[in-house]
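Peer 1: have a look at this fold, sequence not included:
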């Protein structure tokens, strides 16, 4: 029997990356799509508690494609599990995101948060992102997701773990150097707020900035991608810094 | 010279918990407040990139109280640092949240995400939450924040670490048993979506549920609070599950 797989994303249900992912995964799985009705990039692990959610049918090329939700990626996984699907899915795949989710971006990423929410619910889950904002070729990433899914279901993840997959943007699969199991890098941001004036002469600010890579070890997510490796980072949601416990226990409080 | 301290929260700039925190911290620091203009609970680490942000003066009892931002808690810290403050603050304090931020709630918490954003920016930061939704007594938590701030500034946190402080809701300080340095617990949620029909006969869903504690060790955040200890958990934002690396490296990919 084919596995039953929930697909979602943070770029919105109309995004090409999700469509390409669905084409690849439909070959080997029964697919159901529950995704945000609008772009929710940088949604982090936000969930909607102060407002109601609505679930609408979404069509593509005249056929039913999936369910659109007026919420975040984590909302989509939650509401799929609790209210939309008729049974627990065998896997959650979130993506294919336009743009990498590596280094510090992992904490802001709606794509990753959907996989984390699957992890919270005890479902094998991974996020998949393409490391480009321009001229995306989703095929290599979509085919890798199709390759990874049965391996994931067969091997089982360690408890409380999901995977964060980032794929270099290449024209041909042959350019991929291989797969590296990596750690989240310490890349940083140099942000600033562009201060502007609206047509009514009121000030507003718009966030912009650029990522700064500060590490060069091959086992770091961004470094692996820059060398044309597919990067897979196992993530959990225990944010405790265990290494800091003893130092803080020595404080006089 | 008094330290320069940025206060924020996720309950909104009008929230009593933030006001009580500001009263306590003003005794020992130069305070500036930059907080969301509306409730942003469960905002996770969302940031606003697809829309502009606005910064408005917010008054309380006829006096300037702080800056209100139409964004998330993480937005508030970012825009304070990059566009509102005239210099880098010595500390960021986020709270006092109405409701604990422990166990799995940590990943959804806007309160915690503001402290994390301070951490990302290299500023000593902590979140402080009161473990109740009813009859809050913010005084004990506010006074503990006032006690913690100079200790934090004197001892310095390990790199890339912020603190998640949760305070039991007690009437008198004497009921507090002490301070425990804890780890994030594995408490879970039993969620469901209440399915309702709106006045136009359209279906909507509203998330509800209850937290399920699954651990009983004294060094767990929720357990410490239940025993009337103040819980302090050191957090970082490296989500890599290092223990899972070798298992996944053994997969055939």
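Peer 2: Sure, I can see it. Every value quoted in this text rests on a predicted model; they were computed, and no experiment measured them.

Peer 1: give me the phi and psi angles of residue A:111.
Peer 2: Dihedral pair for residue A:111: phi -60, psi -50, per degrees, to the nearest 10.

Peer 1: assign the closest residue to it other than its chain neighbours to helix, strand or coil.
Peer 2: Leaving aside its sequence neighbours, residue A:111 sits nearest to residue A:97 (C-beta to C-beta, 6 or more residues apart in numbering or on different chains; 4.2 Å). (Each C-beta comes from the backbone N, C-alpha and C, glycine too.) Assigned with DSSP: H, G, I helix; E, B strand; the rest coil, residue A:97 falls in the strand class.

Peer 1: just confirm residue A:97 contacts residue A:10, I think it does.
Peer 2: Yes: contact criterion C-beta atoms under 8 Å: residue A:97 and residue A:10 qualify, at 6.6 Å.

Peer 1: so what sits against both of these two?
Peer 2: Applying C-beta atoms under 8 Å, 6 or more residues apart in numbering or on different chains, one finds that residue A:97 and residue A:10 are jointly contacted by A:109, A:111.

Peer 1: if we can go back for a sec, and the residue nearest to residue A:111, how many neighbours does it have?
Peer 2: Neighbourhood size, residue A:97 [other C-beta atoms under 10 Å in any protein chain shown]: 32.

Peer 1: now do residue A:156
Peer 2: 10.

Peer 1: how about the one 10 residues further on?
Peer 2: A total of 28 residues lie near residue A:166 under the criterion other C-beta under 10 Å.

Peer 1: and what of residue A:132?
Peer 2: Count around residue A:132 with other C-beta under 10 Å applied: 15.

Peer 1: would you mind measuring from the residue lying closest to it once chain neighbours are set aside to residue A:226?
Peer 2: Leaving out its chain neighbours, the residue that sits closest to residue A:132 by C-beta to C-beta, 6+ apart is residue A:169, at 3.6 Å. Residue A:169 sits 12 Å away from residue A:226, going by C-beta to C-beta, to the nearest Å.

Peer 1: one more: residue A:25?
Peer 2: Applying C-beta to C-beta to residue A:25 and residue A:226 gives a distance of 27 Å.

Peer 1: more neighbours: residue A:169 and residue A:226, which one.
Peer 2: residue A:169 (21 against 16).

Peer 1: I'd assumed residue A:127 was in contact with residue A:141.
Peer 2: No: look at residue A:141 against residue A:127 with C-beta under 8 Å: they stay out of range, at 11.1 Å.

Peer 1: find residues that contact each of these two.
Peer 2: Common neighbours of residue A:141 and residue A:127 (C-beta under 8 Å, 6+ apart) are A:95, A:165.

Peer 1: now do the strands in the stretch 51-200 of chain A.
Peer 2: In the stretch 51-200 of chain A, the strands defined using DSSP state E, counting those that start in this stretch lie at A:55-60, A:63-69, A:91-98, A:125-130, A:162-167, A:178-181, A:188-197.

Peer 1: any chance of TSV for these, columns mean pLDDT?
Peer 2: Putting those into TSV (pLDDT from 0 to 100) gives the following:
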stretch	mean pLDDT
strand A:55-60	96
strand A:63-69	97
strand A:91-98	97
strand A:125-130	98
strand A:162-167	98
strand A:178-181	98
strand A:188-197	88
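
Peer 1: which one of those lies nearest to residue A:48?
Peer 2: strand A:63-69 (9.1 Å; C-beta to C-beta).

Peer 1: does the closest one come close to chain B?
Peer 2: No: Strand A:63-69 stays clear of chain B (C-beta under 8 Å from any C-beta of the partner chain), getting no nearer than 8.9 Å.

Peer 1: can you pull the contacts of the closest residue to residue A:113 other than its chain neighbours?
Peer 2: Excluding the flanking residues, the one nearest residue A:113 by C-beta to C-beta, 6+ apart is residue A:45, at 4.3 Å. Residues in contact with residue A:45 (C-beta under 8 Å, 6+ apart) are A:74, A:113, A:116-117, B:44-46, B:107-108.

Peer 1: rerun that using 7 Å as the cut-off
Peer 2: A:74, A:113, A:116, B:44-45, B:107-108 (C-beta atoms under 7 Å, 6 or more residues apart in numbering or on different chains).

Peer 1: swap in residue A:147?
Peer 2: Per C-beta under 7 Å, 6+ apart, neighbours of residue A:147: none.

Peer 1: 8 Å - rerun?
Peer 2: Contacts of residue A:147 by C-beta under 8 Å, 6+ apart are residue B:253.

Peer 1: for it, give me the pLDDT.
Peer 2: In this model, residue A:147 is scored at 98, pLDDT.

Peer 1: ok, now how distant is it from residue A:24?
Peer 2: Applying C-beta to C-beta, the value for residue A:147 to residue A:24 is 9 Å.

Peer 1: on that earlier part again, and the residue nearest to residue A:132, how close does it get to chain B?
Peer 2: As judged by C-beta to the nearest C-beta, to the nearest Å, residue A:169 and chain B stand 19 Å apart.

Peer 1: that residue reaches residue A:131, doesn't it?
Peer 2: Yes: judged on C-beta under 8 Å, residue A:169 makes contact with residue A:131 at a distance of 5.6 Å.

Peer 1: roughly how far apart are the spatially most central residue of chain A and residue A:162?
Peer 2: Closest residue to the average C-alpha location of chain A: residue A:111 at 2.4 Å, with C-alpha atoms, centre = their mean. Per C-beta to C-beta, residue A:111 is found 11 Å from residue A:162.
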